[in-house]
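1. okay, sequence plus prediction incoming.
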Amino acid sequence: MSKRPRAGAASLLPVRAPLAARKEFYSLLSHVHRTPLVGACGYIDFVLNEYAGKVQKKQRESLGQAREAILQLQRVIDAFMDLIAFELDLVPAASAAIDLAAFLRGLREELSSWARAERRSLRLSVPDSPVFVRADPEWLRVLVRELFSNAVRASPSRSAIEIELRKAYNSAVFTVGDQ
């Protein structure tokens, strides 16, 4: 009898594929998602530098906002590409076993201060027992901060940002949202 994949467990490329195939897949995915953003930012810079002619104040403001949105999207894609690299087992050997529950508790004060400064509150829900993952601690800190900052930007003032960690089978489920 063959095993059926769990719902949501389907993969475009099995992690057990040869390393060269995983690297090629990652490279293609990276190129497809990053290249248009680099091009769009380049065109905006071209216009902002007035190589195409004079730019009015209101146009400059709008183009600046568009450029910032593209840079934000680039950061999100970078974080997801890091996650994909981890899923494809392409993470550098510098990764370590990290108790994600303790890690998030350690970030609580930093994130709470940030939330208060942005007129938000923080609710952290993590298990009392350890939830171990294998990751680079600095990469993990950047990923959590980026998800948190996206939630802050997308939520209304005076709302609560909720960070939840729970175990599900042999996985850790991590969510960030607002209430």
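-> Now that the structure is in, tell me what you want to look at. Residues are numbered from 1 along each chain as shown.
2. quick one: list the elements packing against the worst-scoring helix or strand of the chain on mean pLDDT.
-> In the chain, no helix or strand scores lower on mean pLDDT, DSSP states H and E than helix 137-154, which sits at a mean of 81. If contacts are counted by 3 or more C-beta pairs under 8 Å, 6 or more residues apart in numbering; DSSP states H and E, helix 137-154 sits against helix 57-87, strand 96-99, helix 100-117, strand 160-168, strand 171-178. For glycine as for every other residue, the C-beta is placed from the backbone atoms N, C-alpha and C.
3. what's the angle between it and strand 171-178?
-> 30 degrees (axes from the mean of the first three to the mean of the last three C-alpha atoms, to 10 degrees).
4. buried residues in helix 137-154?
-> 139-140, 143-144, 146-152 (16 or more other C-beta atoms under 10 Å).
5. look up how far P130 lies from the residue nearest to the spatial centre of the chain.
-> In the chain, the C-alpha nearest the mean C-alpha coordinate belongs to A79, at 3.7 Å (C-alpha atoms, centre = their mean). Taking C-beta to C-beta, to the nearest Å as the measure, A79 and P130 are separated by 24 Å.
6. now swap in I44 and tell me
-> From I44 to P130 the distance is 46 Å (C-beta to C-beta).
7. and if you look at A96?
-> 14 Å.
8. and for I84?
-> 25 Å.
9. who has more neighbours out of those two?
-> I84 (18 against 13; other C-beta atoms under 10 Å).
10. quick one: contacts for that one?
-> Contacts for I84 (C-beta atoms under 8 Å, 6 or more residues apart in numbering) come out as 26, 29.
11. do R134 as well
-> Applying C-beta under 8 Å, 6+ apart, the residues contacting R134 are 91, 95-98.
12. strands paired with the strand or helix carrying it, and their directions?
-> In this assignment (DSSP states H and E), R134 forms part of strand 132-135. Here strand 132-135 has these sheet partners by DSSP bridges: strand 96-99 (antiparallel).
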